[in-house]
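S.K.: return a 3D structure for these sequence lines:
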Amino acid sequence: MNTIKTVLATLLILALGAGAFVWSGIYNPGADSPHWKLTYAVMESARTRSIERHAAALALPANLNDPQLILKGAGQYAAMCTSCHLAPGMKDSELRPGLYPLAPDLSKVSVDPRAAFWVIKHGLKMSAMPAWGMSHDDATIWSMVAFLQKLPGMTAEQYKDIVAKAPPDEDMAPMDNASMPARSSHTHSGQLHADD
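M.R.: Numbers count the residues shown, from 1 in each chain. Below is the predicted model of the structure:
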């Protein structure tokens, strides 16, 4: 009986301590104030394992190597992803340095297609990764995944070329950007301010 009382008292003290910490406002939630190494490691491990678990049951479409699917995904990526995840030849963007945690440079890392689909569709809490599944159907998300399989190792010129050939996105309004090179009737901004 004493053991149960001790455990309950310990839990109560921990709960009160956690409540006092939250109420104090001491914790700095600013993106320019990194987590403690232990906190970051725990959150990173939990996120990675959770994505693996949720994505494991996804069935890969047979057409991930379809050139038309990859082409569509290139346009989607250019329109929605480069500000955070960069593109071949991009060293940085105006948005990226302020992100915490920093989004991976997808032009340099390979991603598991199931995990990529799950993250693109559902987003990630407490990060800048939106849930694109709220505005895009699964077929469009798979096109982005197909493109991501080809992106690492692509040169800046290859990237510009594939984005220029991408079909217009009927689901998105044009994203005007005066610094973008003029192209055909595509609506993708392309974020092609690559450093050549």
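S.K.: tell me the pLDDT at the spatially closest residue to residue 80 that is not a sequence neighbour?
M.R.: Using Cβ to Cβ, 6 or more residues apart in numbering and skipping the chain neighbours, the partner closest in space to residue 80 is residue 132 (7.1 Å). All C-beta spots, glycine's among them, are computed from the backbone N, C-alpha and C. pLDDT recorded at residue 132 is 96.
S.K.: now do the contacts for residue 142.
M.R.: Shown in contact with residue 142 (Cβ atoms under 8 Å, 6 or more residues apart in numbering): 61, 64, 69, 73, 117.
S.K.: distance of it from residue 121?
M.R.: According to Cβ to Cβ, to the nearest Å, residue 142 and residue 121 sit 10 Å apart.
S.K.: which residues touch the longest helix anywhere in the chain?
M.R.: When the chain is parsed with DSSP state H, its longest helix is helix 2-24. For helix 2-24, contacts defined as Cβ under 8 Å, 6+ apart pick out residue 27.
S.K.: next SSE downstream of it?
M.R.: helix 37-55 (DSSP states H and E).
S.K.: name the helices or strands packed onto the following helix or strand past that following helix?
M.R.: Moving toward the C-terminus from helix 37-55, the next helix or strand (DSSP H and E) is helix 67-80. Counting contacts by 3 or more Cβ pairs under 8 Å, 6 or more residues apart in numbering; DSSP states H and E, helix 67-80 is packed against helix 138-150, helix 156-165.
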